[in-house]
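1. Attaching a predicted model along with its sequence, questions to come.
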Amino acid sequence: MSNDAYFKDKVCVITGAGSGIGRALAEALARRGAQLALSDIDTEGLAETVRLCEKYGVRIKSDRINVAEREAVLLYADAVKEHFGKVNQVYNNAGIAHHGDVLATQFKDIERIMDVDFWGVVNGTKAFLPYLIESGSGHVVNISSLFGLIAVPGQSAYNAAKFAVRGFTEALRQEMIVSGDPVKVTCVHPGGIKTAVARNATVVEGLDQKNLAAMFDAKLAMHTPEMAAETILNGVRKGHGRVLIGWEAKVLDLFVRTTASYYQRIAAVVQKRVLP
């Protein structure tokens with residue numbers, strides 16, 4: 001079955017669809033004939049995504065949703081099922097970032113990251129999972145990160161959330177295999193993607209957010225959201241449990257697995273030289 005045919009007429013839910021990978025996924029799926037339930041907290045960005053997808057003539061439902069608000073997500077899942085009559089795929093993509101050492105980071109900053117990046121994924125997964133099972137051909141796609149594979153200094157909150165997404169998703173995949181329910185599960189680990197996440201990130205007092213974002217955009221953001229979306233959809237079609245995006249994600253995944261905890265000392269030394 002071709003990539004396009006696999007997604008045609010499937011109802012696909014995408015959170016964080018107002019920009020970046022979420023928008024690229026929406027347009028790539030619309031081009032393949034999928035029906036879309038798009039959400040974001042950024043209504044202007046979401047409206048632009050809808051405009052880009054409308055030219056493909058597919059059905060689109062768009063809503064402002066904060067994925068950290070569980071009751072709203074639960075109601076949203078019911079509304080999507082009622083609107084389309086089924087739900088086939090859920091892409092839990094919404095996420096935010098924060099930079100700061102553990103000592104300097106406030107509890108509220110860690111909680112905010114966990115609420116969106118981890119609990120947002122949990123909320124979206126649990127809200128839609130019964131409908132995915134009911135569809136007979138469900139798929140959960142949870143977006144973790146390269147930082148769900150490797151921990152680095154200054155990213156403790158983000159690392160915690162993305163490692164948690166990885167553990168949650170990998171356990172869910174095994175549960176679906178054990179139960180025999182018709183739901184595939186994929187955990188995605190993007191490397192350096194050209195999105196607004198770094199530019200919109202919060203930082204601890206004393207750090208220059210603009211400089212950090214500029215460094216990320218200049219040195220680390222090597223791949224387009226469109227490339228990321230195509231890689232994700234290829235992995236989804238093939239039923240892969242894990243999708244790594246970018247050569248750097250593949251290299252660092254291998255690096256961590258071959259060096260064990262020694263990678264932490266190497267990463268610390270590199271970080272010290274890059275950000276003295």
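-> Great, that's in hand.
2. low-confidence ranges in the stretch 151-276 of the chain?
-> 195-201, 203-221, 275-276 (pLDDT under 70).
3. 50 instead, please
-> Scanning the stretch 151-276 of the chain for pLDDT under 50 picks out 213-214, 216, 276.
4. the strands in it, which residues?
-> Applying DSSP state E, counting those that start in this stretch to the stretch 151-276 of the chain gives strands spanning 183-190, 202-203, 242-245.
5. Can you say which of these is nearest to residue 93?
-> Nearest to residue 93, of all the strands of the stretch 151-276 of the chain, is strand 183-190, at 8.5 Å by Cβ to Cβ. C-beta here means a position set from N, CA and C on the backbone, and glycine is covered the same way.
6. counting contacts, what elements does the closest one pack onto?
-> Judged by 3 or more Cβ pairs under 8 Å, 6 or more residues apart in numbering; DSSP states H and E, strand 183-190 is in contact with helix 119-135, strand 138-143, helix 156-179, helix 225-238, strand 242-245, helix 247-259.
7. Burial-wise, tell me which of those comes out on top.
-> strand 138-143 (a mean of 24; mean count of other Cβ atoms under 10 Å).
8. Give me the contacts around it.
-> The set of residues external to strand 138-143 that reach it, using Cβ atoms under 8 Å, 6 or more residues apart in numbering, is 21, 87-93, 95, 121, 125, 128-129, 131-132, 165, 168-169, 172, 181-188, 190, 232, 236.
9. same deal with stretch 33-53?
-> So stretch 33-53 is contacted by 4, 7-19, 22-23, 26-27, 29-30, 56, 58-67, 76, 80, 83-84, 87, 89, 94 (Cβ under 8 Å, 6+ apart).
10. Span of that stretch from start to end?
-> The first and final residues of stretch 33-53 sit 10 Å from each other (Cα to Cα, to the nearest Å).
11. Of the contacts of stretch 33-53, select the buried ones using a PyMOL command.
-> Buried subset of the contacts of stretch 33-53, written as a PyMOL selection, criterion 16 or more other Cβ atoms under 10 Å:
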select buried, resi 7+10+11+12+13+14+15+16+17+18+19+22+23+26+27+29+30+58+60+61+62+63+65+66+67+76+80+84+87+89+94
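12. Narrow the contacts of stretch 33-53 to those in helices?
-> In this view, the contacts of stretch 33-53 that belong to helices under DSSP state H are 4, 7, 22, 23, 26, 27, 29, 30, 76, 80, 83, 84.
13. what's the most distant pair in those?
-> Largest pairwise distance in those, by Cβ to Cβ, is 27.5 Å, between 4 and 76.
14. Now residue 122: closest residue in space, sequence neighbours ignored.
-> residue 168 (6.4 Å; Cβ to Cβ, 6 or more residues apart in numbering).
15. go on, residue 266?
-> residue 259 (7.1 Å).
16. Then residue 155?
-> Among residues not flanking residue 155 along the chain, residue 147 sits closest, at 5.6 Å (Cβ to Cβ, 6+ apart).
17. Which of the three states applies to the one you found?
-> Following DSSP: H, G, I helix; E, B strand; the rest coil, the label given to residue 147 is helix.
18. list the contacts for it?
-> For residue 147, the contacting residues are 155, 158, 159, 162, 163, by Cβ under 8 Å, 6+ apart.
19. run the last query once more with 6 Å
-> 155, 158, 159, 162 (Cβ atoms under 6 Å, 6 or more residues apart in numbering).
20. what's the distance between the second one and residue 108?
-> Relative to residue 108, residue 158 is positioned 15 Å away (Cβ to Cβ, to the nearest Å).
21. what does the last one give?
-> Distance of residue 162 to residue 108, given as Cβ to Cβ: 19 Å.
22. Residue 87 against residue 131, yeah?
-> Yes: contact criterion Cβ atoms under 6 Å: residue 87 and residue 131 qualify, at 4.1 Å.
23. Common neighbours of those two, please.
-> The contact sets of residue 87 and residue 131 overlap at residue 81 (Cβ under 6 Å, 6+ apart).
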